[in-house]
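Enquirer: Got a sequence here, can you model it:
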Amino acid sequence: MTATTATTALTGTTKTYTPTSSASASTDAKSSLTTTDASEQQDKFLKLLVAQMNNQDPMSPMDNAQMTSQIAQINTVSGIAQLNDTMKSMSTQMSAMQVLQAGNLVGHSVLVEGDKLAVSADGKTGAGGFDLAGKAADVQVQVLTTGGRVIDTLSMGALEAGQHSFQVDASAYPSGTPLRFQAVASNGTTAVTSTLLMQDKVMAVGSGTDGLTLTLQGNGVKSYSSVRSVL
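Expert: Okay, the predicted model is just below:
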């Protein structure tokens, strides 16, 4: 901003005024408002306390413990208000730091819940993953069309509980057609529950009401907590 020079008509004295930026003025106003509110609360409390002491029954004056308790209460309220302001400031700073750190994920692949088969750029490899709820004696991954027709089956044998990934030869699959997959796991005649995990690429990071968010190429905006693995 440009400083303004003004000359006093009576004395001929020249003074220079530098306007304050709106952002700085707004910050100062908020700070002043918070300080004023806290000061006003304490001032009102002290006035009420003095009025109470002036109008107390001389035969039954206020107990020292009561006065001390009331003073402690107003100090506690003021302290809690200051603590809340501090915690809000720390929360804002933490959110900003998380977004900056998560920026390193842009361009990387992650595993999130989904059944879409990720096919490489050259169309030769398909990939995905799943999370088994328990140990399975036999696990098979089936590749399906969007209509549900099975076009390939990959046998993975016996697997322990937990997260697993797979790759299949996709060179013979229909090109330009979205494909799905499913994991069929069992122990004899007993089925083992599995959660399907698809590969997706992080395009951007951000912050929302639910915390840190990731913008994925195939799944749109997802919370960071929905990411199972970073590849």
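
Enquirer: what ranges do the strands span in the protein?
Expert: 4-7, 14-17, 109-113, 118-119, 125-132, 136-145, 150-159, 162-169, 179-187, 190-192, 194-208, 211-216, 220-223, 229-230 (DSSP state E).

Enquirer: Any chance of those in a markdown table with distance to L48 and mean neighbour count as columns?
Expert: The way it works is simple: take the backbone N, C-alpha and C, and place the C-beta from them, glycine included. What follows is those, written out as a markdown table (distance: least, CB to CB, whole Å; neighbours: other CB atoms under 10 Å):
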| stretch | distance to L48 | mean neighbour count |
| --- | --- | --- |
| strand 4-7 | 46 | 10 |
| strand 14-17 | 42 | 9 |
| strand 109-113 | 58 | 19 |
| strand 118-119 | 68 | 22 |
| strand 125-132 | 62 | 21 |
| strand 136-145 | 71 | 18 |
| strand 150-159 | 71 | 13 |
| strand 162-169 | 63 | 14 |
| strand 179-187 | 70 | 19 |
| strand 190-192 | 69 | 13 |
| strand 194-208 | 43 | 18 |
| strand 211-216 | 43 | 19 |
| strand 220-223 | 48 | 14 |
| strand 229-230 | 58 | 12 |
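
Enquirer: Of the ones you listed, which is nearest I80?
Expert: strand 211-216 (24.8 Å; CB to CB).

Enquirer: now this protein, which segments are flagged as low pLDDT?
Expert: Scanning the chain for pLDDT under 70 picks out 1-39, 41-42, 49, 53, 56-67, 70-71, 74-75, 77-78, 89-102.

Enquirer: can you rerun that using 80?
Expert: 1-103, 207-211 (pLDDT under 80).

Enquirer: related to what we said a few turns ago, save the strands of the chain as TSV, and put in distance to K88 too.
Expert: Listed next are the strands of the chain as TSV, based on distance: least, CB to CB, whole Å:
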stretch	distance to K88
strand 4-7	37
strand 14-17	35
strand 109-113	31
strand 118-119	41
strand 125-132	37
strand 136-145	48
strand 150-159	47
strand 162-169	37
strand 179-187	45
strand 190-192	46
strand 194-208	15
strand 211-216	15
strand 220-223	22
strand 229-230	30
